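>>> next comes the sequence, and after it the predicted model I'd like to discuss.
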Amino acid sequence: MHEYDDAGRLIRSVTYTEPEWDDRERGWALALLDLEADTCPGCGGSITETTRPESEGHWHVPPPTRCHRCTALANAQQPYAEAKHPQALLWSADRK
């Protein structure tokens with residue numbers, strides 16, 4: 001907002017800004033922190049559920065699904081495993 005005097009000269013300028021985090025955004029951020037704190041880093045399940053003693057033996061693990069893009073990348077990377085600084089090599093996979 002700008003205010004001018006009778007001669008048209010700027011005498012005051014005020015800038016209004018919205019807060020970066022309002023109550024709703026803070027709520028979403030806190031909910032995400034709660035979710036992440038309750039997520040097992042190994043399987044991605046809810047720690048509250050997966051660590052209960054009574055859940056022992058109640059999990060079925062189906063066979064894995066293969067990502068053929070990951071397979072192609074791994075096969076292409078194998079010859080470079082002993083290269084100098086292999087972690088510095090950047091890989092991509094394009095569909096044929």
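In hand now; what should we look at?

>>> for this structure, what are the low-confidence residue spans?
Within the chain, no stretch has pLDDT under 70.

>>> what's the longest helix in it?
Of all segments of type helix in the chain, defined using DSSP state H, the longest is helix 23-37.

>>> pull the next helix or strand after that helix out as CSV, backbone CA atoms only.
For helix 23-37, the following helix or strand on the C-terminal side (DSSP states H and E) is helix 47-50. Coordinates of the C-alpha atoms in helix 47-50 are reproduced here as CSV (Å, rounded to 0.1, in the frame of the first residue of the first chain):
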residue,chain,number,x,y,z
ILE,A,47,6.1,-49.4,13.9
THR,A,48,3.1,-49.2,16.3
GLU,A,49,1.6,-52.2,14.4
THR,A,50,4.7,-54.1,13.2
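
>>> got the buried residues for helix 47-50?
Thr50 (16 or more other Cβ atoms under 10 Å). Heads up, the C-betas are built off the backbone N, CA and C, glycines and all.

>>> again with stretch 32-45
Here stretch 32-45 shows no buried residue, counting by 16+ other Cβ under 10 Å.

>>> distance between it and the chain's centre?
Relative to the mean C-alpha coordinate of its chain, stretch 32-45 is positioned 12 Å out (Cα atoms, centre = their mean, to the nearest Å).

>>> show me what that stretch is in contact with.
46-48, 50-51 (Cβ atoms under 8 Å, 6 or more residues apart in numbering).

>>> end to end, how far does that stretch reach?
15 Å (Cα to Cα, to the nearest Å).

>>> next one: stretch 54-72
Across stretch 54-72, first to last residue, Cα to Cα, it's 41 Å.

>>> ok, stretch 1-20 next?
By Cα to Cα, the extent of stretch 1-20 from end to end equals 20 Å.

>>> circling back: can you redo the contacts of stretch 32-45 as CSV with distance to Gln78?
Below are the contacts of stretch 32-45 laid out as CSV (distance: Cβ to Cβ, whole Å):
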residue, distance to Gln78
Ser46, 37
Ile47, 36
Thr48, 40
Thr50, 34
Thr51, 37
